[in-house]
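Trainee: Model the structure of this input:
(2 chains)
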Amino acid sequence: MHLLEINNLSFQLGGKMILHHLNLTVAHGEIHALIGTNGSGKSSVAYLILGCEKYVPTSGEILFEGNSINALKLFERARLGITLSWQEPARLEGIAVENYLRLGDASIDSAAYLRKVGLRPEQYLQRNIDKTLSGGQRKRIELASVLALKPKLAILDEPDSGIDLLSIGEISDVIQSCKVNGASVLLITHREEMLRIADRASQLCGGKIVLTASPAEVAQFYKSRRCTVCDGKECHDD
Amino acid sequence: MTEMEEVSRIVSNMGADGAALADRRVAHVVASGLDLVSQRAIPGVEISNEKTAAGLVTQITVKRDAEIANPIHLCIGVLHDTGRQRIQLQVRLEDDSSAKIVAHCFFPRAQNVEHIMDAFIEIHSGAELHHAEGHYHGPFGGVTVLPTAKVRVHPHGRYISDFSLTSGRVGKLRIDYSVDVEAHAIAELTAKVFGHADDEIRISEAVVLSGEQARSLIRTRVALEDQAKAQIMGRTDGNAEGARGHVDCMEIVRDQAVAEAIPIVRVTHPLAKVTHEAAIRSIDQKQLETLMAHGLTPEQAVEMVVAGVLR
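Mentor: Residues are numbered from 1 along each chain as shown, chains lettered A, B, ... in the order given. Model prediction:
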C-alpha cells in the first residue's frame, strides 16, 4: 500500500480543465519529484491533496494510507500527517517565528529547526512572520515549520524558488532530512537539477502525467522535449 | 470585597500585576465612578486629585530629571452596571524625565455606563512618556467610552501611546487624540480594537509635525465581526524641514461588519515627508490555510490571525 495514491483525478477551475485523469503514487519514505513548467498544474495537485478552498476534485479519488480523504477538511488532512510548504508562504502579522514553529508541538526545540534551514535562531526566533522578512527568509522558515511538524507526507511546492543558487544544496539537505525523519516527500519543482535528490519522478504537462520513471529518465525526457501532450512546445526548461 | 480589592482583582485579570497597587514603590491613582478610591505619590512623581462638579481632576507631574522605574498605575472605571465617570487628566513630564503610565480602564458589568476622559499631556524637553491604556469591558456592550487627548511634545521629547480594547464588547468608542510634535521630538500612537455585535468604533488621531526633524507614526489595527462598524481617521501634517510621518491603518472585517479608513496626509514644507497606507480586508484565506495546514481548526486559525493583527 502506498502512503498516497491518486486515482484518475480530474479538476476543473473557472470552466477550465486543470488536471486530466491524473494517477500518482508516493510510497512510504519516498521522495517523489513532480516536475513541470509553469502552468502545468503542479500546485493544483498540491492544493487538491491538502484540500484547499476551491480545490475539490471534479472526479477521481485521493487515498492516504489506504483511506479516501476526498471528504476531509484541510485541518483534518493536516492532522492525519499531510502538510504543505507553500511556493509563496503567507505573511502573518504579529505571529513570532518561534510560536509559528511550535504550532504543531509546543515542546519542540524551535531553535534547532531554524539552524537546519540555515537561519540563526538568535536573529529570527522573535521576529514576526510579516513583510519585514525577505522572500528567501520566509521560505526557509516555512521549510523549518514543515520539519518541525514531523509530517507523514510533506508536499514541498517549489522549495528552491526565491532561494539563491548557492543555497540550493542546503535546501536539498533539508528535503533529505524530511526523509530521514520518516516522512515521504512530494517535491514539486520546475528545475531538472532538483530531481537528483528524488527516488522517483513524474513529469506533468498540460494537466497530465506524461511519464513516471527514475529521476534520471524523467530528467532526460524533460530536457529532450519529447512530451506527447504538447510535442515539446510547453514542457521544456529553457 | 472592598472596591480596592475588586480593582486589584480586575487588574490582575487584565494580565497586569494587581499587587503593584499595594507596592509602596509604585505610584497610582484608583478611581471608581466619580470617586477617588486611592492615590499614592512616590519620589519624583507628584499626584493630586480634586473632585469637582464636572468630575475628577487628576494631575500627575514627573519632576525634572526623574527616571521613574516602575510604571505609574492609573486604574479607572465603573464597577456597577450603571454609572458615569468623567476625568480630566493632566500629565506633565518636566525636562529630561521619563515615566510609563499604565492605565487600566474597567467596565466589567456595564449596561448603561458613560466614561469620559479628557487628557492634557505635556512632555517637556528631552522627556519621555510611554502611555499604555488597556480596557476591560464586560459582555453587554452597554458602555460609551469618549477619550480625548491633547498632547504637546516639546523638542527632543518622546511620546509613545498604546491603546488596546480587544476583550469584551466595545460598546461605543470615540477616540479623539491630537498631538503637536516639536523639533527632533517623536510621537508614536498605536490603537488596537476588536469590535463585535453592534459595537461602534470611531477613532480620530491627528499629529502635527511642527518642528524640524520631528517624527511620528500613527498605527491602527481594528478587527470587526458581526454587525460592528468602525471609522478610522489618521491625519498627519508635516510642517517643518525634515519632518517625517507615517499613517498605517489595517482593518479586518468578517460577517456583516463595516469598516472605513480615512488617512489624511498634508505637507506644508517642501522638505517634509508624510506617507500612509491603509488596508481593509477580510481574513486572508491563504493565511488561514497556512495555519490549518499545521492542524489548527478554522476557528483557531481565525482567532490566531486576528490576535496577531491586534498584538
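
Trainee: could you say which helix or strand contains the closest residue to chain B within chain A?
Mentor: Closest contact between chain A and chain B, by C-beta to the nearest C-beta, is at A:Gly94 (3.2 Å). Backbone N, C-alpha and C define where each C-beta goes, glycine included. In the assignment (DSSP states H and E), A:Gly94 maps to strand A:92-96.

Trainee: helix or strand right after that strand?
Mentor: Strand A:92-96 is succeeded, C-terminally, by helix A:97-101 (DSSP H and E).

Trainee: Who are the packing partners of that next one?
Mentor: If you count contacts as 3 or more C-beta pairs under 8 Å, 6 or more residues apart in numbering or on different chains; DSSP states H and E, helix A:97-101 packs onto helix A:110-116, strand A:128-129, helix A:135-149.

Trainee: And the average pLDDT for the strand holding A:Gly94 is what?
Mentor: If you average the pLDDT over strand A:92-96, you get 94.

Trainee: which is the next helix or strand following the helix or strand hosting B:Ala103?
Mentor: Here B:Ala103 is covered by strand B:98-107, with elements defined by DSSP H and E. Proceeding N to C from strand B:98-107, the next assigned helix or strand is strand B:112-123, under DSSP H and E.

Trainee: Pull out the buried positions in that following strand.
Mentor: Burial within strand B:112-123, assessed by neighbour count using 16 or more other C-beta atoms under 10 Å in any protein chain shown, is assigned to B:Val113, B:Glu114, B:His115, B:Ile116, B:Met117, B:Asp118, B:Ala119, B:Ile121, B:Glu122, B:Ile123.

Trainee: shouldn't B:Glu122 be in contact with B:Lys150?
Mentor: No: taking contacts as C-beta atoms under 8 Å, B:Glu122 lies outside contact range of B:Lys150: 9.2 Å.

Trainee: Kindly report the residues of chain B close to chain A.
Mentor: B:250, B:284-287, B:289-298, B:301, B:304-305, B:307-311 (C-beta under 8 Å from any C-beta of the partner chain).

Trainee: Let me see the contact set for residue 144.
Mentor: You didn't pick a chain, so chain A it is. Going by C-beta atoms under 8 Å, 6 or more residues apart in numbering or on different chains, A:Ala144 touches A:Leu101, A:Ser110, A:Tyr113, A:Leu114, A:Lys116, A:Val117, A:Leu119.

Trainee: think we crossed wires, I meant chain B
Mentor: If you count contacts by C-beta under 8 Å, 6+ apart, B:Thr144 has them with B:Val113, B:Glu114, B:His115, B:Gly171, B:Lys172, B:Leu173, B:Arg174.

Trainee: Just give me the closest of those residues to chain A.
Mentor: Nearest to chain A among the contacts of B:Thr144, with distances taken as C-beta to the nearest C-beta, is B:Leu173, at 21.1 Å.

Trainee: quick one: strands adjacent to whichever strand or helix holds that closest one?
Mentor: Using DSSP H and E, B:Leu173 falls within strand B:172-181. In the sheet, strand B:172-181 lines up against strand B:143-153 (parallel), strand B:200-209 (parallel) (DSSP bridges).

Trainee: The following helix or strand past the last one: how far from the chain's middle?
Mentor: Which is strand B:200-209. Moving toward the C-terminus from strand B:200-209, the next helix or strand (DSSP H and E) is strand B:215-224. Distance of strand B:215-224 from the chain centroid (C-alpha atoms, centre = their mean, to the nearest Å) equals 11 Å.

Trainee: and after strand B:215-224, which helix or strand comes next?
Mentor: Note on strand B:215-224: by DSSP H and E, the next helix or strand toward the C-terminus is strand B:229-238.

Trainee: what's the angle from that next one to strand B:172-181?
Mentor: 10 degrees (axes from the mean of the first three to the mean of the last three C-alpha atoms, to 10 degrees).

Trainee: strand partners of strand B:229-238, parallel vs antiparallel please.
Mentor: In the sheet, strand B:229-238 lines up with strand B:200-209 (parallel), strand B:258-267 (parallel) (DSSP bridges).

Trainee: Buried deepest among these, which one?
Mentor: strand B:200-209 (a mean of 23; mean count of other C-beta atoms under 10 Å in any protein chain shown).

Trainee: Flag every buried residue along stretch A:29-48.
Mentor: A:30-37, A:40-48.

Trainee: got the end-to-end distance for that stretch?
Mentor: 21 Å (C-alpha to C-alpha, to the nearest Å).

Trainee: about what we covered before: report the distance from the strand holding A:Gly94 to the chain centre.
Mentor: For strand A:92-96, the distance to the chain centre is 23 Å (C-alpha atoms, centre = their mean).

Trainee: now for it, which elements pack on it?
Mentor: strand A:128-129, helix B:285-292, helix B:298-309.

Trainee: Please name whichever of those is nearest to B:Gly77.
Mentor: Each of the helices and strands packed on strand A:92-96 has some distance to B:Gly77 by C-beta to C-beta; the shortest is helix B:298-309, at 23.8 Å.

Trainee: now the angle from the closest one to helix B:285-292?
Mentor: 110 degrees.

Trainee: Contacts for helix B:298-309 next, please.
Mentor: So helix B:298-309 is contacted by A:73, A:75, A:92-95, A:128, B:194, B:221, B:223, B:250, B:252, B:254, B:283-284, B:287-288, B:291-292, B:296 (C-beta under 8 Å, 6+ apart).

Trainee: Only the buried residues of it, if you could.
Mentor: Quick answer for helix B:298-309 (16+ other C-beta under 10 Å): B:Gln300, B:Ala301, B:Val302, B:Met304, B:Val305, B:Val306, B:Gly308, B:Val309.

Trainee: related to what we said a few turns ago, return the set of buried residues in the strand holding B:Leu173.
Mentor: Across strand B:172-181, burial judged by 16+ other C-beta under 10 Å covers B:Lys172, B:Leu173, B:Arg174, B:Ile175, B:Asp176, B:Tyr177, B:Val179, B:Asp180, B:Val181.

Trainee: thinking again about what came up before, direction included, what does the strand holding A:Gly94 pair up with?
Mentor: Going by DSSP bridges, the partners of strand A:92-96 are strand A:128-129 (antiparallel).

Trainee: And the strand it pairs with, how far out from the chain middle?
Mentor: From the chain centre to the centre of strand A:128-129 is a distance of 22 Å (C-alpha atoms, centre = their mean).

Trainee: Show me the contact partners of that strand.
Mentor: In contact with strand A:128-129 (C-beta under 8 Å, 6+ apart) are residues A:Arg91, A:Leu92, A:Glu93, A:Gly94, A:Ile95, A:Ala96, A:Val97, A:Tyr100, A:Arg138, A:Ile141, B:Gly308.
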